[in-house]
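build me a structure from this.
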Amino acid sequence: MWNYLVHLWAPPPASLPLNCPPPPDGQVPDPQGFYDWMTVNAAFNSAATASAAIVIAAVVICYGLTSSTLGPRFVRRWWITLGLTALTTFGAVWLILQRSATTALAGSCETSPDAFAAALPFGIILTRSLAGMLWAVLATILLSLVLTATIGRITHVRNGFFHNRGWPWPRILPSR
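Sure thing, here's the model as predicted:
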């Protein structure tokens, strides 16, 4: 359940198939092995941690840049922050999964019984990156609501959450 909350529809796959390296001459090819789930899970959890850090930083920066009352400039900045957060999260998840140190499960390939380095497939990286992008949008909206409802109760001249409480609900559309 936790994996679906953190990774949406793209949790770390168990028993992810892997193409084994070609055998030496004269041996029967071993067509398929498996990735080591521990390394795949670690890569996905690193992507989730980076996504959460990006969302938290974006919301704090967006609300912290102003101490003025909710207005059209803030509404535009919030929408721009939402879009940039989604794109940044997509890129960060892509880079993390592309560069992660995933390995083959030891003993799953007869041609190479040791755990060797194996990059994740393009489809897995793309699917998880898209899930991270949607997760960032949902988390940014939820975090904005939660922080304006909690920290927004603290009256202070420099508290952007106080001055912009009520956003993004009920005023979703930017006014002119």
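
any buried residues in the helix or strand that residue 81 is a member of, and which?
Assigned by DSSP states H and E, residue 81 belongs to helix 72-99. Buried residues in helix 72-99, counted by 16 or more other CB atoms under 10 Å: 74-75, 77-78, 81-82, 85-86, 88-90, 92-94, 96-97. All C-beta spots, glycine's among them, are computed from the backbone N, C-alpha and C.

any chance you could map the strands in this structure?
In the chain, the strands defined using DSSP state E lie at 17-19, 32-34.

for these, which one sits closest to residue 43?
Evaluated over those, closeness to residue 43 peaks at strand 17-19, with 14.2 Å, by CB to CB.

hmm, who's touching the closest one?
Counting by CB atoms under 8 Å, 6 or more residues apart in numbering, the neighbours of strand 17-19 from elsewhere in the structure are 31, 32, 33, 34, 35, 104, 105, 108, 109, 118.

low-confidence ranges in this protein?
When residues are selected by pLDDT under 70, those of the chain lie in 1-10, 23-26, 28-30, 67, 111, 157-159, 161, 163, 165-176.

returning to that earlier point: make a ChimeraX selection of the buried ones in the contacts of strand 17-19.
Only the buried members of those enter the following ChimeraX selection, criterion being 16+ other CB under 10 Å:
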select :33,34,35,104,105,108,109,118
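
and the contacts of strand 17-19 as JSON lines, adding distance to residue 156?
As requested, those are exported to JSON lines (distance: CB to CB, whole Å):
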{"residue": "31", "distance to residue 156": "64"}
{"residue": "32", "distance to residue 156": "60"}
{"residue": "33", "distance to residue 156": "58"}
{"residue": "34", "distance to residue 156": "55"}
{"residue": "35", "distance to residue 156": "50"}
{"residue": "104", "distance to residue 156": "55"}
{"residue": "105", "distance to residue 156": "54"}
{"residue": "108", "distance to residue 156": "58"}
{"residue": "109", "distance to residue 156": "60"}
{"residue": "118", "distance to residue 156": "52"}
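
do you know how far the nearest residue to residue 63 once chain neighbours are set aside is from residue 141?
Taking CB to CB, 6 or more residues apart in numbering, and ignoring the residues beside it in sequence, residue 63 has residue 160 as its nearest neighbour in space, at 3.9 Å. Between residue 160 and residue 141 the computed distance is 17 Å (CB to CB, to the nearest Å).

same question, residue 47
Computed with CB to CB, the distance linking residue 47 and residue 141 is 20 Å.

more neighbours, the two?
Counted by other CB atoms under 10 Å, residue 47 and residue 141 do not tie: residue 47 has more neighbours, with 28 against 17.

for the more buried one, give me its contacts.
By CB under 8 Å, 6+ apart, residue 47 lies in contact with 92, 93, 96, 97, 128, 132.

does the first one touch residue 51 like I think?
Yes. With contact defined as CB atoms under 8 Å, residue 92 counts as touching residue 51 (6.9 Å).
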